[in-house]
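Q: Here is a sequence together with a model predicted from it:
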Amino acid sequence: MAIDTTMRGKVALVTGAASGLGRATAFKMAEAGAQIAITDVDTQGLEAVAGQLAEQGADVTAHAFDVTDAAACQAWVHQAAEHFGKINALCNIAGIISLHNAHEMPVEDWNRTLAVNLSAPFFLMQAAIPYLLEQNGAVVNVSSCASYFGEAYAGAYCATKAGITNLTKALAMEYMHKPIRFNCVAPGGMVTNIANNFRPPEGCDFDLLKRYSPLRGCVEVDDVADMVMLLASDAGRGFHGSSIDIDMGVTAG
């Protein structure tokens, strides 16, 4: 039986859409025929992506805001639902990493990492669930291979990614008998703004950092975006509570 991998007639919400995986996901959704609502804290970058999508014929709305603001998350989801008439998929892509020696990590960096990587996806899911239930919809969160093992100098990042993985599974269990799916992808290192802005902490042990370097190189952003789209579409109907590793073998052994 052929599996429908299109998003025609569906509405997808994508965070972190100004660059990296969020941008790639937005374009994949548009190519698959979805109507799209995108957001990012980077106003200029978001407007550029929205313009490029519109030039390609996509039906897109863009609204820049900080996803750590629970009220703003609620407002954005409701506005998207009113504008398009429904919501079929929520893709929580936005994320950050801040590397520090644990005893030197600023409180504000710890709090910001937890807010962007863990609290914000919850706020957005909380707002979107009622709409997704009406459409047999799907949530796709972005975890990381760092959710499965400890990475030196990345305590906050590892904690949030392990958290989003288990939050996805917890909601999958809570809504087991409801018409909605919760899944996440767990990429390895990708060439994105996060990687480009990589700053090891002063005095770090580079041998420890090398332990997490993929032997086969970085993951292609488009490959991860393809999996996000699959999980959001009807083609992903068999996935619920899953965390899909896309890490070039980092977690293989």
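A: Yes, it's here.
Q: Give me the helices and strands touching the longest strand along the chain, please.
A: Across the chain, the longest stretch assigned as strand under DSSP state E is strand 181-187. Strand 181-187 sits against strand 138-142, helix 155-174, helix 221-232, strand 243-246, with contacts defined as 3 or more C-beta pairs under 8 Å, 6 or more residues apart in numbering; DSSP states H and E. In this view, the C-beta of every residue, glycine as well, is placed from N, C-alpha and C.
Q: ok so residue 90 is a strand residue?
A: Yes - judged by DSSP: H, G, I helix; E, B strand; the rest coil, residue 90 forms part of a strand.
Q: For it, give its distance to residue 121.
A: According to C-beta to C-beta, to the nearest Å, residue 90 and residue 121 sit 9 Å apart.
Q: do the same with residue 33
A: 25 Å.
Q: more neighbours, those two?
A: In this view residue 33 and residue 121 are compared by other C-beta atoms under 10 Å, and residue 121 has more residues nearby, 27 against 13.
Q: give the contact list for that one.
A: Counting by C-beta atoms under 8 Å, 6 or more residues apart in numbering, residue 121 touches 92, 141, 164, 167.
Q: Please name the bridge partners of the first one.
A: Here residue 92 sits in beta bridges with residue 141, going by DSSP bridges.
Q: Tell me how many other residues crowd it.
A: Based on other C-beta under 10 Å, the number of other residues close to residue 92 is 28.
Q: Verify the stated contact: residue 240 with residue 179.
A: No - using C-beta atoms under 8 Å, residue 240 makes no contact with residue 179, being 11.1 Å away.
Q: Those two: which is more packed in?
A: residue 240 (18 against 11).
Q: quick one on the thing from earlier: may I have the longest strand of the chain as PDB, with CA atoms only?
A: Extracted in PDB, the C-alpha atoms of strand 181-187 (Å, rounded to 0.1, in the frame of the first residue of the first chain):
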ATOM      1  CA  ARG A 181       0.600  11.400  17.900                       C
ATOM      2  CA  PHE A 182       3.800  12.500  19.800                       C
ATOM      3  CA  ASN A 183       7.300  11.700  18.500                       C
ATOM      4  CA  CYS A 184      10.700  13.200  18.400                       C
ATOM      5  CA  VAL A 185      13.800  13.100  16.300                       C
ATOM      6  CA  ALA A 186      17.300  12.800  17.900                       C
ATOM      7  CA  PRO A 187      19.900  14.200  15.600                       C
END
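Q: could you check the angle helix 221-232 makes with it?
A: 170 degrees (axes from the mean of the first three to the mean of the last three C-alpha atoms, to 10 degrees).
Q: hmm, who's touching strand 181-187?
A: 21, 125, 137-145, 147-148, 161, 164-165, 168-169, 171-172, 175, 219, 224, 227-228, 231, 236-237, 239-247, 251.
Q: In it, which residues are buried?
A: 181, 182, 183, 184, 185, 186, 187 (16 or more other C-beta atoms under 10 Å).
Q: Stretch 49-69 now?
A: Going by 16+ other C-beta under 10 Å, stretch 49-69 has these buried residues: 49, 50, 53, 58, 60, 61, 62, 63, 64, 65, 67, 68.
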